[in-house]
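>>> Sharing a model that was predicted from the sequence below.
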Amino acid sequence: MKVTVVGAGNVGATCANCIAEKDIVNEVVLLDIKEGVAEGKSLDMWQTAPINLYDTRIKGVTNDYEATNNSEVVVITSGLPRKPGMSRDDLIATNAGIVKSVTENIIKHSPNAKIIIVSNPLDVMCYCAYLTAKIDSSRVFGMAGILDTARYRAFLAEALNVSPKDIQALLLGGHGDTMVPLPRYTTVGGIPVTELMDHDTLHAIIERTKVGGGELVKLMGTSAWYAPGAAAAQMVEAIVCNHRRVFPVCALLNGEYGMNNIYLGVPVILGKNGIEKIIEVKLDKDEQELLAQSAKAVKTVMNVLDDMKLFN
Ligand SMILES: NC(=O)C1=CN([C@@H]2O[C@H](COP(=O)(O)OP(=O)(O)OC[C@H]3O[C@@H](n4cnc5c(N)ncnc54)[C@H](O)[C@@H]3O)[C@@H](O)[C@H]2O)C=CC1
Ligand SMILES: O=C([O-])CC(=O)C(=O)O
């Protein structure tokens, strides 16, 4: 079984490395436009196989889509990351064209692939890939929710001084500062988090989670890659192993949560066919309102994509 990762930058290379270390596929192809970079990083990674004890072959290529033929899953990480002072939405002018051209090549060479988008602005880049690929939306979706809930869970684990393994959480909405962490659906070893933490501490953690990407951009001058790469690799694993994991994933909504024709983060079952099912959880009035605000923010960026006239 073959998996392709497009973009051999920070996130793409980390993701390819995580997939290889899981030892769940025969081959990972890493593709970039920069001459030699994917080849070099792949060779470096492959030289960790005798140390980290895996068999997955890693092949780096420069724009050679033949090498990606018949991939089971393709992760698209190509595109600019933001710099301090930018929002993810500022990346659309460059990244929409990149995601469109990469998706065209991918679908030509792997017509049956499941496509995981990572490039930002995430929700609208998913829509861009969906319009380009012209395949069922169960096979085109995005990574954000696993990352955003991982940040939320890590902050909670730190504050409660417990293992992050025991924290389960759900988060809905767009992958921007309007994302909607749901304390009502957050548990620590099965115990509602609201029983273990006072309102103000929980509120501060939620607010920190919402701008968690920006916190890292400020520190590093570019955006995060370890957790994003690991999160995308976890989605790949759920698909190639048909684990039917329940993850928050950026999915096209067609009536779910009362929304239509918009990509937003929602809980799904992820298995061998991609999105096997979108799960609808009950929301109270406040949660519904927050989700509506998040959808509004995503719509604004969808309108920018529309104005770019890439699809007419
Ligand atoms: N969804 C999420 O939660 C996250 C999304 N991101 C996004 O992922 C993207 C990548 O971030 P980084 O890896 O940090 O950036 P990076 O700059 O390290 O890597 C991007 C790579 O894409 C390559 N590339 C550009 N155009 C290409 C094309 N047409 N074909 C193939 N490769 C191409 C570049 O040569 C570069 O190596 C950014 O848009 C960033 O905002 C980053 C972190 C989390
Ligand atoms: O913040 C960014 O630009 C990259 C990203 O989406 C994240 O780390 O959540």
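Done, it's in. Ligands and ions are numbered 1, 2, ... in the order given.
>>> Now do the residue in the stretch 51-200 of the chain that ligand 2 sits nearest to, the pLDDT please.
Nearest residue of the stretch 51-200 of the chain to ligand 2: Arg82, at 4.3 Å (C-beta to the nearest ligand atom). Bear in mind the C-beta positions are built from the backbone N, C-alpha and C, glycine included. On pLDDT, Arg82 comes in at 97.
>>> Mind jotting down where the helices sit in the protein?
According to DSSP state H, the chain carries its helices in the segments 10-22, 37-46, 49-52, 92-109, 122-133, 145-160, 199-210, 212-220, 226-240, 285-307.
>>> so what's the backbone phi/psi at the residue of the stretch 51-200 of the chain closest to ligand 2?
phi -80, psi 160 (degrees, to the nearest 10).
>>> Hmm, it is touching Pro121, no?
No: applying C-beta atoms under 8 Å as the test, Arg82 and Pro121 come out as separate, 9.5 Å apart.
>>> These two: who's more crowded?
Pro121 (28 against 18; other C-beta atoms under 10 Å).
>>> Make sure the more buried one is actually in contact with Gly176.
Yes: if you go by C-beta under 8 Å, Pro121 and Gly176 touch, sitting 7.2 Å apart.
>>> what touches both of the two?
Arg88, Asp89 (C-beta atoms under 8 Å, 6 or more residues apart in numbering).
>>> tell me the contacts of the residue of the stretch 51-200 of the chain closest to ligand 2?
So, once contact is read as C-beta under 8 Å, 6+ apart, Arg82 ends up touching Arg88, Asp90, Leu91, Asn120, Val217, Thr222, Ser223.
>>> May I see the buried residues of stretch 27-35?
Judged by neighbour count using 16 or more other C-beta atoms under 10 Å, the buried positions of stretch 27-35 are Val28, Val29, Leu30, Leu31, Asp32.
>>> Columns pLDDT and distance to Thr56 on top of these, output as CSV?
Listed next are the buried residues of stretch 27-35 as CSV, based on pLDDT from 0 to 100; distance: C-beta to C-beta, whole Å:
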residue, pLDDT, distance to Thr56
Val28, 98, 6
Val29, 98, 11
Leu30, 98, 12
Leu31, 98, 16
Asp32, 98, 19
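>>> out of the residues you listed, who's nearest Cys241?
Val28 (14.9 Å; C-beta to C-beta).
>>> wait, that closest one sits on Ile58?
Yes: Val28 lies in contact with Ile58 (C-beta under 8 Å); the separation is 4.9 Å.
>>> and the residue of this protein nearest ligand 1?
Shortest the chain-to-ligand 1 distance, computed as C-beta to the nearest ligand atom: residue-wise this is Gly9, at 1.7 Å.
>>> how about the residue nearest to that residue when sequence neighbours are not counted, phi and psi?
Nearest non-adjacent residue to Gly9, counting by C-beta to C-beta, 6 or more residues apart in numbering: Thr77, 6.7 Å away. Note on Thr77: backbone dihedrals following degrees, to the nearest 10 are phi -120, psi 10.
>>> ok, Thr77 - contacts?
Val5, Val6, Gly7, Gly9, Val11, Gly12, Cys15, Val118, Ser119, Ala232 are the contacts of Thr77 under C-beta under 8 Å, 6+ apart.
>>> what's the burial count for the second one?
Right, Val6. Around Val6 there are 30 residues (other C-beta under 10 Å).
>>> okay, stretch 107-114 in PDB with CA atoms only?
Backbone C-alpha positions of stretch 107-114 (Å, rounded to 0.1, in the frame of the first residue of the first chain) are rendered in PDB as follows:
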ATOM      1  CA  ILE A 107      -6.500  12.800  -9.000                       C
ATOM      2  CA  LYS A 108      -5.100  12.100 -12.400                       C
ATOM      3  CA  HIS A 109      -2.600   9.600 -11.000                       C
ATOM      4  CA  SER A 110      -4.600   8.200  -8.000                       C
ATOM      5  CA  PRO A 111      -8.300   8.400  -9.000                       C
ATOM      6  CA  ASN A 112      -9.300   6.300  -6.000                       C
ATOM      7  CA  ALA A 113      -7.300   8.100  -3.300                       C
ATOM      8  CA  LYS A 114      -8.600   9.600  -0.100                       C
END
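>>> Going by neighbour count, which residues in it are buried?
Quick answer for stretch 107-114 (16+ other C-beta under 10 Å): Ile107, His109, Ser110, Ala113, Lys114.
>>> One more: stretch 302-312?
For stretch 302-312, by 16+ other C-beta under 10 Å, it's Met302, Leu305.
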